[in-house]
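Chemist: How does the following fold in three dimensions:
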Amino acid sequence: GVRFVRITTRSREEEAGLRDLVIRGGTVVDGTGAAPYEADVAVTAGRIAAIGPVAEPGREEVDARGAIVTPGFVDVHTHYDGQITWENRLSPSTGHGVTTVVMGNCGVGFAPIRPHQRQLAIKLMEGVEDVPEVVMAEGLPWNWESFPDYLDALSARRADADFAALVPHSPLRVYVMGRRGADLEPPTQADLDEMRRLTGEAVRAGAIGVSTSRSMAHRFRSGQLAPSVSSEEQELTALARGLRDAGAGMFQMIPDTAAPAEDEFGLMERLAGVS
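Modeler: Numbering: from 1, shown residues only. Reported below is the predicted structural model:
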C-alpha cells in the first residue's frame, strides 16, 4: 500500500537529536532526475532532516526495504469536482501515491451554476467523463452558486490529498449566456466582458486557472457538443484576459485534434501572450 507522510524541507535547527520518524532502507526517488538510491530518510517536526545513513533512532520507524520512497505526485488532470463534495478519499488517485489533485479540467464542472442549470451540468459531466448521473444527482449538495461560493464549500471539506480547482468554461458560459450558451450561440460583447470578469473573480478567490475544451469528442450523451467546444478565439481570449486581470492562473485546454497541430499551438501561444 501507499503511505503518506506530509513533510517539507529540513532546517538546521531541527537536524540534531531524536528523530520523529525514520524511514529505513527504502529506494529513494527524489524527483530531481537522479538515479534511485538506497537511503534512510529522517523527519523532524514535519521536515526532512536527513537523507542517507541515519544513526539516530526515530520515535516512529518504518521499514521501507523493497519499497520506493518518493515525494508525493501531483495529478494535474482529474474530475473530482463532485466527488470531493461527498467523499473524503480521492480514489483512485491517492492509491498511486498522489498527494495533490487538480480538478475542473476539460471545461466541465459544477460552478458557477444557477439552480435551473444543475441538471445540465450533471448531464455534461456524465457525457464527457462517464460519471454516472445517479451518483452526482444523489451526492452533490449544491450549497453554492458562484465559483467563490464553490471554493468556500470546498474549504470545509477534508480529503486524503490536497486539491485545487480550475474554473470550467462550459458551466461558466451557460451561467453567463443561459440557454444561448448551451445552444452554442456566439456571445455578445457583454457576455465576453462578464466571462472575463467572473474568471478574474474566481482566480482571485483561489481558483488556479481556467479550463476549456475544443474536442469534438466532448459531448452530452445525446450527442450534443459541450458548450465550450465551438467557441471562437475571441471568447477564449476573454478568459485569458480574466487571468491577466487577476495576475495569476493557468489556462488548461483540450485542443481540437482534428485541426492542424500548428494552428492549435498558435492559438495556445496567443492565449498565453494575452494572459
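Chemist: what's the neighbour count on the residue nearest to Q83 when sequence neighbours are not counted?
Modeler: Closest residue to Q83 apart from its sequence neighbours, by C-beta to C-beta, 6 or more residues apart in numbering: L90 at 6.9 Å. Bear in mind the C-beta positions are built from the backbone N, C-alpha and C, glycine included. Here the number of neighbours of L90 (other C-beta atoms under 10 Å) works out to 23.
Chemist: Now do L90 against G82, distance only.
Modeler: 12 Å (C-beta to C-beta, to the nearest Å).
Chemist: where's V101, which helix or strand?
Modeler: strand 98-103 (DSSP states H and E).
Chemist: Please tell me how far that strand is from the chain's geometric centre.
Modeler: A distance of 6 Å separates the centroid of the chain from that of strand 98-103, by C-alpha atoms, centre = their mean, to the nearest Å.
Chemist: Please write out the alpha-carbon positions of that strand in PDB.
Modeler: Only the C-alpha atoms of strand 98-103 are listed here, as PDB (Å, rounded to 0.1, in the frame of the first residue of the first chain):
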ATOM      1  CA  VAL A  98      -0.800  11.200  -5.400                       C
ATOM      2  CA  THR A  99      -0.900  13.900  -2.700                       C
ATOM      3  CA  THR A 100      -2.300  16.800  -4.800                       C
ATOM      4  CA  VAL A 101      -5.000  16.700  -7.500                       C
ATOM      5  CA  VAL A 102      -6.100  19.400  -9.900                       C
ATOM      6  CA  MET A 103      -9.800  19.200 -10.900                       C
END
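Chemist: Next up, the contacts around E56.
Modeler: Taking C-beta atoms under 8 Å, 6 or more residues apart in numbering, we find E56 in contact with G17, L18, R19, V22, A42.
Chemist: all strands for the stretch 101-250 of the chain, in order.
Modeler: Here the stretch 101-250 of the chain has its strands, by DSSP state E, counting those that start in this stretch, at 162-165, 167-168, 209-213, 250-254.
Chemist: Quickly run through the sheet partners of the second one, with directions.
Modeler: If I follow you right, that is strand 167-168. Strand 167-168 has its sheet partners listed here by DSSP bridges as strand 209-213 (parallel).
Chemist: A202 and A111: what is the separation?
Modeler: 8 Å.
Chemist: what does G104 give?
Modeler: 9 Å.
Chemist: So which of the two has more stuff around it?
Modeler: G104 (31 against 26).
Chemist: my guess is that one contacts L166, does it?
Modeler: Yes - between G104 and L166 there is a contact under C-beta atoms under 8 Å: 3.4 Å.
Chemist: So for these two, which residues contact both of them?
Modeler: A207, S211.
Chemist: Now do the contacts for V101.
Modeler: Here V101 is in contact with V74, D75, T78, Y80, L90, S93, A161, D162, F163, A164 (C-beta under 8 Å, 6+ apart).
Chemist: Throw together a PyMOL command that grabs the buried residues out of those.
Modeler: Remark: buried members of the contacts of V101, expressed as a PyMOL selection using 16 or more other C-beta atoms under 10 Å:
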select buried, resi 75+78+80+90+93+161+163+164
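Chemist: Next step: the contacts of V101 restricted to helices.
Modeler: Using DSSP state H, no member of the contacts of V101 falls in helices.
Chemist: ok, now how distant is A42 from L166?
Modeler: Taking C-beta to C-beta, one finds A42 at 37 Å from L166.
Chemist: er, A207 actually
Modeler: The value you get for A207 to L166, if C-beta to C-beta is used, is 6 Å.
Chemist: joint contacts of those two?
Modeler: G104.
Chemist: Now the longest strand along the chain: average pLDDT?
Modeler: The longest strand of the chain (DSSP state E) is strand 19-28. Averaged over strand 19-28, pLDDT sits at 96.
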